[in-house]
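Any chance you can model this:
(chains A, B and C)
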Amino acid sequence: MILRLFPQEVNFFELFEQLAHYAASAAGDFKNIVTEGGINDAAIEKLVDIEHQADDVAHTIIDQLNKTFITPFDREDIHALTKELDDVIDMITAIANRLLVYKLTKTDANLVRFAGLIDEAAQALCRAVKGMHNLKKRHLVTEACVEINRLENAGDTMRDTVLAELFETEKDPIAVIKWKEIYQDAETVLDICEDVAHVVGSILVKQA
Amino acid sequence: MILRLFPQEVNFFELFEQLAHYAASAAGDFKNIVTEGGINDAAIEKLVDIEHQADDVAHTIIDQLNKTFITPFDREDIHALTKELDDVIDMITAIANRLLVYKLTKTDANLVRFAGLIDEAAQALCRAVKGMHNLKKRHLVTEACVEINRLENAGDTMRDTVLAELFETEKDPIAVIKWKEIYQDAETVLDICEDVAHVVGSILVKQA
Amino acid sequence: MILRLFPQEVNFFELFEQLAHYAASAAGDFKNIVTEGGINDAAIEKLVDIEHQADDVAHTIIDQLNKTFITPFDREDIHALTKELDDVIDMITAIANRLLVYKLTKTDANLVRFAGLIDEAAQALCRAVKGMHNLKKRHLVTEACVEINRLENAGDTMRDTVLAELFETEKDPIAVIKWKEIYQDAETVLDICEDVAHVVGSILVKQA
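The predicted structure follows:
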């Protein structure tokens, strides 16, 4: 195998921007679907499309990583960043799919709020990833990561409030089973966004 | 510590074949148990036996890895392959055990279908792992990995269908709680098989 | 970035001892809370305090790792050990928080037993981590790791017994949903303790 010596041949930063952009698209779509209560096969297909396009980019990153000798940052950070960004998209698609499988097609105010947080976090992810290849914009990256942490904390609090309310007011155990899973998974999306922020943060520290 | 320089002293390929063989044994046993509705303490004990033998092989791999300087493929891939193959077996045993704990001892047509997919995937894993140490058989490895991806997709669809049916027809919430977990865990076994296929695929790419 | 050449500048062993000590504090507090049925906002706040202090230590470890060239053991083991010890504390805090959210404020004999196992495991973790930087005390580390494995096995058996009993006796599906999650998460804490023991064990092997 010929290992490439010159990292400029592959623009990892550009590929990561693409991945982050797909995450933001998925989050935006999810917010719209959930707000309009418009979960249906077509909406899922659109998300699955984004998921596949993101998978292609993720495969390109890993393929190029295996063929490139010098990388702009640590190989394990490239692996982690690819996996976490991909996981954000997979998890959003999984939740949307579950809403359809569970026939939860009406608008739910709590889920709309979660989708809002997820949308904001995905946009902050884009800003963080975009800022990475411009050392002069480090402060923008840091600001975006701080914002993601804030949104994850807000998600934790929201999950506690929403679950307490669910157990308090919903007397149908089947509905409790469904919504408990949906809310917990929604909060998990924010956890994964925070994981991305941690990887980005650790890349910045090493480049300092 | 003396690091061994010559990889032929430890045959990692052989150890991985043993691990994959245990995964296939566990999957075959699980299929039989589930088809015959014969879940009982003896059946679990047999699976736990396989799990322990696989654990021994996994420990041997990691011990040898720590003592060997030159390995036939990347150290992190050896770690990942060992962990994922072990996880396949652990998860199968965990599901069988849960069936017993939840007293779900009757044959369930949906679980039989899942066990069939898992059995096919574990056999494909064996073919993939066996083909790895013979570069002339690369196409067999690729075919097996493609097959595992196909089975995982089939598992996703099956989980959606089966969960939709469960929520539609099962009115006892306790039964819903139990079967939902069993079906989701069965699909997770296929996810882990796909993770193994990804690791095998990435090892092949690097050796190209 | 200036990479430090001399590991003595950063005492990783001391930082790990601090982390393990926080895990033991969290486990001890959890045992007290659960035994006295005293779950309330103040109890959670105390655990969250420990979690934050532990997070600070974890961040220090990762920061120092990124700035240090020679480390007392493999970089990936430092990462894994930090993450797993942190996860022990996070999971204990999450369970306590969930008890409050689910309004499960009365003493539960089974949870008291789980908390006892977790407390013992966390104390064994402290002994294992403390023994790591003194090669003369290797046998103490090994003994502590064996003890953690024993406690994890006991936790597995306890989970099976407790879940079988829950499904047998609890007829309120909402209560089943809540307690099933609490018991499974309690067993997961013991799984993570075992993961720590595995990392410690593999560090010892490499230093042999």
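
Specify the local secondary structure of residue A:107.
Classification of residue A:107 into helix, strand or coil gives coil, according to DSSP: H, G, I helix; E, B strand; the rest coil.

How many neighbouring residues does it have?
Residues contacting residue A:107 under the criterion other CB atoms under 10 Å in any protein chain shown number 14. C-beta here means a position set from N, CA and C on the backbone, and glycine is covered the same way.

So it versus residue A:39, what's the distance?
When CB to CB, to the nearest Å is the yardstick, residue A:107 and residue A:39 sit 10 Å from each other.

Then residue A:60?
From residue A:60 over to residue A:39 the distance is 31 Å, taken as CB to CB.

Residue A:159 now?
Distance of residue A:159 to residue A:39, computed by CB to CB: 21 Å.

before we move on, back to that, which of residue A:60 and residue A:39 has more neighbours?
Set side by side, residue A:60 and residue A:39 give different neighbour counts by other CB under 10 Å, the larger being at residue A:39 (22 against 16).

How about the contacts made by that one?
Residue A:39 makes contact with A:33, A:96, A:99-100, A:104-105, according to CB atoms under 8 Å, 6 or more residues apart in numbering or on different chains.

Give me the three-state assignment for it.
Of the three states, residue A:39 takes coil under three-state DSSP.

Surely residue A:104 is in a strand?
No - assessed by three-state DSSP, residue A:104 does not belong to a strand; its assignment is coil.

buried residues in the helix or strand hosting residue A:98?
Using DSSP states H and E, the secondary-structure element containing residue A:98 is helix A:75-101. Of the residues in helix A:75-101, those buried by neighbour count under the rule 16 or more other CB atoms under 10 Å in any protein chain shown are A:77-78, A:80-101.

Run the chain-centre distance for it.
Here the centre of mass of C-alpha atoms in helix A:75-101, compared against the chain's by CA atoms, centre = their mean, to the nearest Å, lies 6 Å away.

before we move on, what about stretch A:125-141?
On the basis of CA atoms, centre = their mean, stretch A:125-141 sits 17 Å off its chain's mean C-alpha point.

With stretch A:108-127 instead?
Computed by CA atoms, centre = their mean, the separation of stretch A:108-127 from the middle of its chain amounts to 10 Å.

what about it and chain C, any contact?
No - on the criterion CB under 8 Å from any CB of the partner chain, stretch A:108-127 is out of touch with chain C, staying 14.2 Å away.

Using CSV, list the CA coordinates for that stretch.
What follows is stretch A:108-127, C-alpha atoms only, in CSV (Å, rounded to 0.1, in the frame of the first residue of the first chain):
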residue,chain,number,x,y,z
ASP,A,108,-46.0,16.4,21.3
ALA,A,109,-45.0,19.7,23.0
ASN,A,110,-42.2,18.1,25.0
LEU,A,111,-40.7,16.4,21.9
VAL,A,112,-40.9,19.7,20.0
ARG,A,113,-38.8,21.3,22.8
PHE,A,114,-36.2,18.5,22.6
ALA,A,115,-36.1,18.8,18.8
GLY,A,116,-35.4,22.5,19.3
LEU,A,117,-32.4,21.8,21.6
ILE,A,118,-31.1,19.1,19.2
ASP,A,119,-31.4,21.6,16.2
GLU,A,120,-29.5,24.3,18.1
ALA,A,121,-26.8,21.8,19.2
ALA,A,122,-26.3,20.5,15.6
GLN,A,123,-25.9,24.1,14.3
ALA,A,124,-23.3,24.7,17.1
LEU,A,125,-21.6,21.5,15.9
CYS,A,126,-21.3,22.9,12.4
ARG,A,127,-19.7,26.1,13.7
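
Spell out which parts of chain A neighbour chain B.
Residues of chain A found near chain B (CB under 8 Å from any CB) are A:1, A:62-63, A:66, A:76, A:97, A:101-103, A:173-174, A:177-178.

Any stretches of chain A with poor pLDDT?
Within chain A, the segments meeting pLDDT under 70 span A:1-9, A:208.

closest point of it to chain C, which residue?
Nearest to chain C, among the residues of chain A, is residue A:173, at 3.7 Å (CB to the nearest CB).

From residue A:100, how far out is that residue?
If you measure residue A:173 against residue A:100 using CB to CB, the figure is 21 Å.

just residue A:132 next, same as before
For residue A:132, the distance to residue A:100 (CB to CB) stands at 35 Å.

What of residue A:75?
Note on residue A:75: its distance to residue A:100, by CB to CB, is 38 Å.

Spit out the contact partners of residue A:152.
Contacts of residue A:152 by CB under 8 Å, 6+ apart are A:121, A:190-191, A:193-194.

So which of those residues belong to strands?
Counting by DSSP state E, no part of these is found in strands.

Can I get the residues you listed in JSON lines including neighbour count?
Formatted as JSON lines, the entries for the contacts of residue A:152 read as follows, by neighbours: other CB atoms under 10 Å in any protein chain shown:
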{"residue": "A:121", "neighbour count": "29"}
{"residue": "A:190", "neighbour count": "27"}
{"residue": "A:191", "neighbour count": "13"}
{"residue": "A:193", "neighbour count": "30"}
{"residue": "A:194", "neighbour count": "18"}
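
Could you work out the most separated pair of the residues you listed?
The span of the contacts of residue A:152, defined through CB to CB, is set by A:121 and A:191 at 10.1 Å.

longest helix of chain A?
When secondary structure is assigned using DSSP state H, the longest helix within chain A turns out to be helix A:173-207.

Would you mark the buried spots in that one?
When neighbours are counted by 16+ other CB under 10 Å, the buried residues of helix A:173-207 are found to be A:173-174, A:176-180, A:182-183, A:186-190, A:192-204.

That one to helix A:75-101, inter-axis angle?
If you take axes from the mean of the first three to the mean of the last three CA atoms, to 10 degrees, helix A:173-207 sits at 160 degrees to helix A:75-101.

helices and strands around helix A:173-207, which ones?
In this structure, helix A:173-207 packs against helix A:75-101, helix A:109-131, helix A:138-169, helix B:173-207, helix C:41-67, helix C:173-207, with contacts taken as 3 or more CB pairs under 8 Å, 6 or more residues apart in numbering or on different chains; DSSP states H and E.

can those go into JSON lines with extra columns for distance to residue C:19?
Formatted as JSON lines, these follow (distance: least, CB to CB, whole Å):
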{"stretch": "helix A:75-101", "distance to residue C:19": "21"}
{"stretch": "helix A:109-131", "distance to residue C:19": "27"}
{"stretch": "helix A:138-169", "distance to residue C:19": "21"}
{"stretch": "helix B:173-207", "distance to residue C:19": "29"}
{"stretch": "helix C:41-67", "distance to residue C:19": "5"}
{"stretch": "helix C:173-207", "distance to residue C:19": "10"}
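
Go ahead and confirm residue A:162 touches residue A:112.
No - when contacts are counted by CB atoms under 8 Å, residue A:162 is not listed as touching residue A:112 (11.4 Å).

For residue A:102, what are phi and psi?
Summarising the backbone geometry of residue A:102 under the convention degrees, to the nearest 10, its torsions are phi -80, psi 0.

Tell me how far the residue in chain A that chain B sits nearest to lies from residue A:34.
With distances taken as CB to the nearest CB, chain A approaches chain B most closely at residue A:173, which sits 3.7 Å away. For residue A:173, the distance to residue A:34 (CB to CB) stands at 24 Å.
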